[in-house]
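1. Kindly generate the corresponding structure for this input.
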Amino acid sequence: MTYTRIKVLILLIPTVMVGIWEWVRHQFLMPYISMDTGNFLTPVLVFLFSIILLLPLFRLMERNQRELEQERAATGAMEAREALAKELHDGMAQSLFLLSVRIDRLEHGRKDGGISADSVDQIKKTVHEVNRYVRQAIANLKVPVSGAESFSLERSIHEQLAAIAGEVMIEVSLDWHLEERALTAAEQAELLSCIREAIINVRKHTRAGRVSVSGQGNEHGWRVTVADDGAGIEHDDPFAVSGSYGLQIMRERSRSMGWALRLHSGADGTTVEIVKGGAQDGTLPGADRR
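-> Below you'll find the model as predicted:
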């Protein structure tokens, strides 16, 4: 029985009982029961019948409430697991990938007969970063994330691109004309994570040597593009590639923010587009057309 139906029954049953009792009393019991006695019996009978008929409904409502709380708890736990998975992927998994790149370089250096102290120091730094990401993920499970802190998206992108380009040895260029007020603080954080994941995937899947990142638009609509000159992803559906958890997270992030995610891959390279608003139909209302 639905929650709404239970509430309707709780409201109707006392009214119906009083109506039936008054009709029976006036039609059949007036010769046998005085007016004062009938008035006394009315609340007593309403109370008794309410206990008999309404208590089961109250118990049913309490059971439905407990089931609803259990469902909410299960949903909250699932959302927490998804958030932790994204946090670990954005931090620890990407750092481990960069660590593997550094180890490959170290191995090549050993074969060539020269191992620099800088390479070892970089590996140590990455290990410390992984440790920091794990500690941060554990802390995020204990402390609520407000997400209200604002930051400069363009500056953050510059910093991220510079760090990633140095790690994976990719030439990265930035052409940014997306107005800061076009995104909220939460949208900026999600977009930055998507851009970072797209560049990491360039190193993982396409082996490109150059990546260009561009953004244009305003609060009415915008488009962000990450393009590379690699060999492309050899699969009809890149999101279905085994191990493409990063691409799946990008798609989930975009869907949750109401954005459209497009991925085009071929022999001449791969292009990832994230669009919102008027940009989804190929136009950018009010944007600077260059």
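2. Tell me which stretches of the chain form strands.
-> With DSSP state E as the criterion, the chain has strands at 171-178, 210-218, 221-228, 260-266, 269-277.
3. Parallel or antiparallel, which strands does the first one pair with?
-> Partner strands and pairing direction for strand 171-178 (DSSP bridges) are strand 210-218 (parallel).
4. Using JSON lines, lay out the strands of the chain together with distance to residue 26, mean pLDDT and mean neighbour count.
-> (C-beta placed from N, C-alpha, C; glycine too.) Listed next are these as JSON lines, based on distance: least, C-beta to C-beta, whole Å; pLDDT from 0 to 100; neighbours: other C-beta atoms under 10 Å:
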{"stretch": "strand 171-178", "distance to residue 26": "78", "mean pLDDT": "88", "mean neighbour count": "15"}
{"stretch": "strand 210-218", "distance to residue 26": "74", "mean pLDDT": "90", "mean neighbour count": "20"}
{"stretch": "strand 221-228", "distance to residue 26": "71", "mean pLDDT": "92", "mean neighbour count": "23"}
{"stretch": "strand 260-266", "distance to residue 26": "70", "mean pLDDT": "88", "mean neighbour count": "16"}
{"stretch": "strand 269-277", "distance to residue 26": "68", "mean pLDDT": "90", "mean neighbour count": "21"}
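5. Among the ones you listed, which comes closest to residue 37?
-> Smallest distance to residue 37 across these (C-beta to C-beta): 74.1 Å, for strand 269-277.
6. centre of the chain versus that closest one, how much separation?
-> Taking C-alpha atoms, centre = their mean, to the nearest Å, one finds strand 269-277 lying 19 Å from the centre of the chain it belongs to.
7. Tell me where this structure has helices.
-> 3-24, 35-88, 94-111, 117-142, 153-168, 185-201, 245-257 (DSSP state H).
8. least reliable of those helices going by mean pLDDT?
-> Comparing mean pLDDT over the helices of the chain, the weakest stretch is helix 117-142, at a mean of 64.
9. Turn the strands of the chain into a markdown table, columns for distance to residue 158.
-> A markdown table is the format used below for the strands of the chain (distance: least, C-beta to C-beta, whole Å):
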| stretch | distance to residue 158 |
| --- | --- |
| strand 171-178 | 7 |
| strand 210-218 | 10 |
| strand 221-228 | 14 |
| strand 260-266 | 23 |
| strand 269-277 | 18 |
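10. Relative to residue 34, which of those is closest?
-> Across these, residue 34 has its closest neighbour in strand 269-277 (76.7 Å, C-beta to C-beta).
11. Tell me the helices and strands packed up against that closest one.
-> Applying 3 or more C-beta pairs under 8 Å, 6 or more residues apart in numbering; DSSP states H and E, we find strand 269-277 packed against helix 185-201, strand 221-228, helix 245-257, strand 260-266.
12. picking that back up, dump the helices of the chain to CSV, plus distance to residue 266.
-> Converted to CSV, the helices of the chain look like this (distance: least, C-beta to C-beta, whole Å):
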stretch, distance to residue 266
helix 3-24, 54
helix 35-88, 29
helix 94-111, 24
helix 117-142, 33
helix 153-168, 22
helix 185-201, 16
helix 245-257, 16
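13. Which one of the strands of the chain lies nearest to residue 186?
-> Here strand 269-277 is closest among those (C-beta to C-beta), at 13.4 Å.
14. Pull up the pairing partners for the closest one, direction included.
-> strand 221-228 (antiparallel), strand 260-266 (antiparallel).
15. got the angle between the first one and helix 153-168?
-> Spelled out, that is strand 221-228. 10 degrees (axes from the mean of the first three to the mean of the last three C-alpha atoms, to 10 degrees).
16. One more: the last one?
-> On the basis of the same axes, to 10 degrees, strand 260-266 is oriented at 30 degrees to helix 153-168.
17. which residues make contact with strand 260-266 from outside it?
-> Strand 260-266 has contacts (C-beta atoms under 8 Å, 6 or more residues apart in numbering) with 194, 206, 232-233, 238-239, 247, 250-251, 254-255, 270-276, 280.
18. ok, residue 223 to residue 72 distance?
-> 37 Å (C-beta to C-beta, to the nearest Å).
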